[in-house]
Every structure is written in C-alpha cells, then in structure tokens.
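Novice: Requesting a structural model of the entry that follows:
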Amino acid sequence: MSTTTNTKKVIPSSLDARVFERILDEGYGPGAWHGADLKEALADISTELAFWRPGPGRHNIAEIALHHAYCIRLVRGRLSTETLEPFVLGGEDWFPLSTETDLTWSDIRAVVDSEQQRLGAVVAEIVWSHHSAPQSNLTTYLVSPATPYTTPVRCS
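Specialist: Modelled structure (predicted):
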C-alpha cells in the first residue's frame, strides 16, 4: 500500500529551478555523472535476465522497473493538476511479473520511458512557469532522497 506526504515547501527564489530538470534528465537519459543512466541500464538487460527472480520473495528486474514507472507516475500526479490515467496494470505499487504474460520486457521499458518523459514535461512546465513569472515563488513538495526533485512517495 502506498502512502504519500503532502507537505509543501517554497523553494527559495535564489535556487535555479532548472536544476530540477537537469537532475531528472541526467538520472534517466544521457549525461549522467554517475555512470550508466537508467535508460541505458535497462536497455542492456535481456528478457531472460529481466524476469529472473534472484530468490523466493525477491523482486526481479522487470518488477523493479515497473515499480519505478508506477512511482514516477505518482510523482507526476503530485506535481500536476491533471487527473492520472489508469496504469498499464491494475493494482498498486508492486506488480508480480514472472513471465511476459502480462507485459513484455520491451513493453515495460516503454512504460518506464513514457513515464519519465511525461514527468520531464511536467517539470519543464514548472520550470517555464517559474521563469516566466519571476516575482512568484516556485512551490513544490518536499525533497525525497530517492527523487530529489519531487514529492516523497513511499512505495512499499
């Protein structure tokens, strides 16, 4: 079950809001300072490895990737005024995936990519609105260690 924290905090006007956009871009796409970005890491995983379970009760890579997409979707919902559309699978948080019966590995990577792109668009809109109205404060949710530019979302 997911829980969320709805505490908001105003970001100081001295902080350039484009930093959030850059962090998001570098973590997912090319240019990551820390080595392979998420998109590159997922692209290098075979279907067999993606659905391989390292032990009983442990998540496989496909489940972790889909969980990431789900959490990114929740973050997008917190930062946007739009109502979220249904997720690709019914349920919440973790989705058991032992084979490609429900979603193929290619489909899962596409969902991750789509959710990252959509979150990027929301963050870009926030950055644009902050720069187009310099007198206003950019309001966002408190920082989460896992996603330093978004709503803290606890996904169990």
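Novice: contacting residues for residue 116?
Specialist: The contact partners of residue 116, by Cβ atoms under 8 Å, 6 or more residues apart in numbering, come to 24, 28, 29, 38, 39, 69, 72. C-beta here means a position set from N, CA and C on the backbone, and glycine is covered the same way.
Novice: A helix includes it, no?
Specialist: Yes. Assessed by DSSP: H, G, I helix; E, B strand; the rest coil, residue 116 belongs to a helix.
Novice: hmm, back to that, got the contacts of residue 116 as CSV, with pLDDT and neighbour count columns?
Specialist: Putting those into CSV (pLDDT from 0 to 100; neighbours: other Cβ atoms under 10 Å) gives the following:
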residue, pLDDT, neighbour count
24, 71, 22
28, 72, 23
29, 71, 16
38, 84, 16
39, 85, 16
69, 95, 22
72, 92, 24
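Novice: Out of the residues you listed, flag the one nearest to residue 62.
Specialist: Closest approach to residue 62 among the contacts of residue 116 (Cβ to Cβ): residue 69, at 10.9 Å.
Novice: Sort out for me which of the contacts of residue 116 are in helices.
Specialist: For the contacts of residue 116, membership in helices holds for 24, 28, 38, 39, 69, 72, with DSSP state H as the criterion.
Novice: and the gap between residue 100 and residue 108?
Specialist: Between residue 100 and residue 108 the distance, using Cβ to Cβ, to the nearest Å, works out to 9 Å.
Novice: Those two: who's more crowded?
Specialist: residue 108 (28 against 15; other Cβ atoms under 10 Å).
Novice: Isn't that one up against residue 63?
Specialist: No. In this structure residue 108 lies outside contact range of residue 63 using Cβ atoms under 8 Å: 9.0 Å.
Novice: where do the contact lists of the two overlap?
Specialist: residue 97.
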